[in-house]
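# predicted model, plus sequence, below.
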Amino acid sequence: DAGITQSPRHKVTETGTPVTLRCHQTENHRYMYWYRQDPGHGLRLIHYSYGVKDTDKGEVSDGYSVSRSKTEDFLLTLESATSSQTSVYFCAIRSGNTEAFFGQGTRLTVV
Amino acid sequence: AQKITQTQPGMFVQEKEAVTLDCTYDTSDQSYGLFWYKQPSSGEMIFLIYQGSYDEQNATEGRYSLNFQKARKSANLVISASQLGDSAMYFCAMREVRNFNKFYFGSGTKLNVKP
């Protein structure tokens, strides 16, 4: 257990509303990642962070923003949720060179 | 171009037999890591095994081994003595060290173990 907690675990929101997902870690890891998982696509990288206030875009960053003001928290914001953003969102951290651990996932439904 | 390719959307294996899940990757980075994850129906991502690009020996972790063929850019997962609990989605992933350590994932292989 790498001490990663995602919140909320489930959320239903309406199209056009902003949504923020939180990833919290307790072990001071530098690298954190947000992925979305959709059938047939595996996990696709949305944004990542390599330190406090150091973030960059991944493969599917349009419509998403992130912030990392503290080492332990990495926030993912959907600025104006759309139905295409209905997905399962995973946060991950890199632990050393040989391992990476994932949170439990957040199931987001945009109606 | 896709960084990770898993060509087997679904596979069946008889309990107690071995099974190989295919993974090929694409990178120009000399330093990278290869990972396999298991995702059971409950949804969590479980780390299984890691292979570094400079490791000369194939990685092994219990019943899991990684068949690393660097020149062919393949990193196949071998599960020996399959168990019913091995039924799950399996994802291959790569981390590029010089690319901010970003992880790239394949689309996954769904393994079904038959009794």
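Here it is on my side, so go on.

# what does the least confident helix or strand in chain B by mean pLDDT rub up against?
Across the helices and strands of chain B, mean pLDDT, DSSP states H and E gives its lowest value to strand B:102-105, namely a mean of 85. Under the criterion C-beta atoms under 8 Å, 6 or more residues apart in numbering or on different chains, residues A:33, A:35, A:42-45, A:48, A:58, A:92, A:94, A:100, B:3-4, B:35, B:91-96 lie in contact with strand B:102-105. Backbone N, C-alpha and C define where each C-beta goes, glycine included.

# over to stretch B:12-22?
B:6-8, B:11, B:36, B:67, B:74, B:76-84, B:90, B:92, B:109, B:111-115.

# can you point out the buried residues in stretch A:33-43?
Within stretch A:33-43, the residues that count as buried by 16 or more other C-beta atoms under 10 Å in any protein chain shown are A:Tyr33, A:Trp34, A:Tyr35, A:Arg36, A:Gln37, A:Gly42, A:Leu43.

# as a markdown table, those residues with secondary structure, distance to A:Glu79 and pLDDT would be great.
Formatted as a markdown table, those follow (DSSP: H, G, I helix; E, B strand; the rest coil; distance: C-beta to C-beta, whole Å; pLDDT from 0 to 100):
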| residue | secondary structure | distance to A:Glu79 | pLDDT |
| --- | --- | --- | --- |
| A:Tyr33 | strand | 19 | 93 |
| A:Trp34 | strand | 14 | 96 |
| A:Tyr35 | strand | 18 | 95 |
| A:Arg36 | strand | 15 | 96 |
| A:Gln37 | strand | 21 | 95 |
| A:Gly42 | strand | 25 | 84 |
| A:Leu43 | strand | 22 | 90 |
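
# and those near chain B, which?
Restricting these to those near chain B by C-beta under 8 Å from any C-beta of the partner chain leaves A:Tyr33, A:Tyr35, A:Gly42, A:Leu43.

# residues near the nearest residue in space to A:Leu75 that is not next to it in sequence, how many?
Distances taken as C-beta to C-beta, 6 or more residues apart in numbering or on different chains put A:Ser67 closest to A:Leu75, at 4.9 Å, once the chain neighbours are dropped. By other C-beta atoms under 10 Å in any protein chain shown, the residues close to A:Ser67 number 15.

# picking that back up, of the ones next to chain B among the buried residues of stretch A:33-43, which is the nearest to A:Arg9?
Proximity of those to A:Arg9 (C-beta to C-beta) peaks at A:Tyr35, which lies at 15.8 Å.

# before we move on, back to that, which strands or helices does the very next helix or strand once past the least confident helix or strand of chain B pack on?
Counting by DSSP states H and E, the next helix or strand C-terminal to strand B:102-105 is strand B:109-114. Using 3 or more C-beta pairs under 8 Å, 6 or more residues apart in numbering or on different chains; DSSP states H and E, the elements in contact with strand B:109-114 are strand B:10-14, strand B:19-21, strand B:88-96.

# keeping just the C-alphas, turn the longest one into CSV.
Below are the C-alpha coordinates for strand B:88-96, written out as CSV (Å, rounded to 0.1, in the frame of the first residue of the first chain):
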residue,chain,number,x,y,z
ALA,B,88,-8.5,-10.3,-15.0
MET,B,89,-7.4,-7.6,-17.4
TYR,B,90,-3.6,-7.3,-17.8
PHE,B,91,-1.9,-4.1,-18.9
CYS,B,92,1.6,-3.6,-20.1
ALA,B,93,3.2,-0.2,-19.5
MET,B,94,6.5,1.6,-20.2
ARG,B,95,8.1,4.5,-18.4
GLU,B,96,10.5,6.7,-20.3
